[in-house]
Every structure is written in C-alpha cells, then in structure tokens.
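Student: here are the coordinates; sequence isn't available:
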C-alpha cells in the first residue's frame, strides 16, 4: 500500500494504526466508504473545513453519516458564524483535495473540533490524506499528532450504526 503523508506523520510519532485501501471502490461518499470497508459508519469520520466572517479557518471532524450544524460548529469555536470552505480553496489552503482531506498533516494547523462521539470509541477511522485511503487510529493517540477539542457539532439526527 502506498504511504500517505498522514501515515508518515503517524509513523514519525510511533503511533500504531491500521491502513485501509479502497481504491477499487471509486467513491468519496463517506457512508459508501464505511460500508466498503465493512466498518460502522458511526466511527468513520469525515473532515470538513470552514471559514468564519473574520477569515479564520476551522476544521470539523464528524461521523460520515451526519451533517455539520454550522451554528453549533461556530459556537464551539467562539465565532458568530462559519460557512463551508469553497471546494476550489481546499487544496491551496490544506494541501488536500475534496474526498481526501484529513485532520492530520494539513499545510498549517487550524483549530480542530471532533464531534463528541469520538470519545465513544477506542479507535476512529478517517481519511489518510488521499482519496482511496483511510487510517484507523487509537483515539488516545490522536493528541500526540494534533490538538483538538470535542463538541456537539452535528445536526440533530440519529447516527444509524446499522446502515
């Protein structure tokens, strides 16, 4: 399997992880990725980047079956409002493309918030920084590679673990 920058960062911090390759799947839809990997969609997370009116950027990491609540997200980072970053701005800002964005290894650190359900799991799965690759990382090890907080940042919807 090809090593991504995220995997190299994890290796450099001596963090054990499982890598998944779904390059044969041809999808970037989170629920489809989780199902293709045979994983519970509640513990497979997607990375979203937002921008505030004050031109600050924030990263939110939520379960793939959920939608980001922009009001809750803004409140979590102390902003009046945030909006999704335009897709064309993602690569220049983060170094990642849509569908392959990871909270680890961005060009620059941005305040990062995981949905509070992160703490329900021992291991969490998210993009390895390239379309077709995911990493599964122990939640307790995340703080060794990224500063983050947790908060309730998703729309009020039930996470269906049996999709």
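Tutor: Thanks, I have it. Note that the structure is predicted; figures quoted are calculated from it, not measured.
Student: This protein: helices as residue ranges?
Tutor: In the chain, the helices defined using DSSP state H lie at 5-12, 30-36, 70-76, 87-94.
Student: what about the strands in this protein?
Tutor: 18-21, 45-52, 57-63, 82-84, 111-115, 123-127, 133-138, 149-151 (DSSP state E).
Student: Straight-line length of stretch 105-118, end to end?
Tutor: End-to-end distance for stretch 105-118: 19 Å, by C-alpha to C-alpha, to the nearest Å.
Student: one step back: out of the strands of the chain, flag the one nearest residue 97.
Tutor: Among the strands of the chain, strand 123-127 comes nearest to residue 97, with 10.0 Å by C-beta to C-beta. Every C-beta, even on glycine, is put in place using the N, C-alpha and C of the backbone.
Student: Pull the residues that contact that closest one.
Tutor: 6, 18, 20, 34, 37, 39, 43-47, 61, 96, 99-103, 114, 118, 133-139, 142 (C-beta atoms under 8 Å, 6 or more residues apart in numbering).
Student: ditto for stretch 103-110
Tutor: For stretch 103-110, contacts defined as C-beta under 8 Å, 6+ apart pick out 5-6, 9-10, 47, 49, 57-59, 61, 93-96, 112, 114, 126, 129, 145-148.
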